[in-house]
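*Asks:* Predicted model, plus sequence, below.
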Amino acid sequence: MGSNRTHRNGGGLRGVVQLVVLGLGVAAVVKELRTPPAERTWNGTVAGFVPYDFRFPTLARFRERVWDPDGSHLLSPHVFGVGWTVNVGRVVHLVQEKVDTATE
């Protein structure tokens, strides 16, 4: 019975991850609200290394972070929110390189 309740509530590791992300989001908002209004950027890092960005998403930022085949990183900050997102463009580029090399 206990395992069903845990499964229905998302439980376990997933629940812990959601709680951590929520806590980091709250910490980021508190950090911005403690900054003088004229100096708030609504993007930066929290806990020393976790990126956040609460600015209104733009197409340019989406392309830069989610579809940048020539980028050097597989992970980049979320377009909106706390944490990282996969640079799908880079992944596709690397896979295509592997396929091209394998067929030569």
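*Replies:* Received the coordinates, thanks.
*Asks:* okay, CA-based contacts and neighbour counts for the rest of this
*Replies:* OK.
*Asks:* Low-confidence ranges, this structure, go.
*Replies:* 1-10 (pLDDT under 70).
*Asks:* All the strands of it, residue numbers only.
*Replies:* Remark: strands assigned in the chain by DSSP state E are 43-46, 50-53, 75-77, 81-82, 84-86.
*Asks:* what about D53, neighbour count?
*Replies:* Neighbourhood size, D53 [other C-alpha atoms under 10 Å]: 20.
*Asks:* Spatially central residue for the chain, please.
*Replies:* Residue closest to the average C-alpha location in the chain (C-alpha atoms, centre = their mean): W84, at 2.2 Å.
*Asks:* Go ahead and confirm that one touches V66.
*Replies:* No. Contact criterion C-alpha atoms under 8 Å: W84 and V66 do not qualify, at 10.1 Å.
*Asks:* related to what we said a few turns ago, if the residue nearest to the centre of the chain is in a bridge, with which residues?
*Replies:* W84 has the following beta-bridge partners by DSSP bridges: P77.
*Asks:* need the contact list for it.
*Replies:* 50-51, 75-78 (C-alpha atoms under 8 Å, 6 or more residues apart in numbering).
*Asks:* and if we set it to 6 Å?
*Replies:* By C-alpha atoms under 6 Å, 6 or more residues apart in numbering, the contact list for W84 reads 75-78.
*Asks:* any idea how far it lies from Q96?
*Replies:* Taking C-alpha to C-alpha, to the nearest Å as the measure, W84 falls 23 Å from Q96.
*Asks:* Who are the packing partners of the lengthiest helix in the chain?
*Replies:* When the chain is parsed with DSSP state H, its longest helix is helix 12-34. In terms of contacts (3 or more C-alpha pairs under 6 Å, 6 or more residues apart in numbering; DSSP states H and E), helix 12-34 is not packed against any helix or strand.
*Asks:* Just the CA coordinates for that helix, please, in CSV.
*Replies:* Only the C-alpha atoms of helix 12-34 are listed here, as CSV (Å, rounded to 0.1, in the frame of the first residue of the first chain):
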residue,chain,number,x,y,z
GLY,A,12,11.1,9.0,-4.2
LEU,A,13,13.9,10.6,-6.1
ARG,A,14,11.6,12.6,-8.4
GLY,A,15,9.9,14.2,-5.4
VAL,A,16,13.3,15.2,-3.9
VAL,A,17,14.4,16.6,-7.2
GLN,A,18,11.2,18.7,-7.6
LEU,A,19,11.7,20.0,-4.0
VAL,A,20,15.3,20.9,-4.7
VAL,A,21,14.3,22.8,-7.9
LEU,A,22,11.5,24.6,-6.1
GLY,A,23,13.9,25.6,-3.3
LEU,A,24,16.5,26.8,-5.8
GLY,A,25,13.8,28.8,-7.6
VAL,A,26,12.7,30.4,-4.4
ALA,A,27,16.3,31.2,-3.5
ALA,A,28,16.9,32.8,-6.9
VAL,A,29,13.8,35.0,-6.5
VAL,A,30,14.8,36.0,-3.0
LYS,A,31,18.3,36.9,-4.3
GLU,A,32,16.8,39.1,-6.9
LEU,A,33,14.4,40.8,-4.5
ARG,A,34,17.2,41.5,-2.1
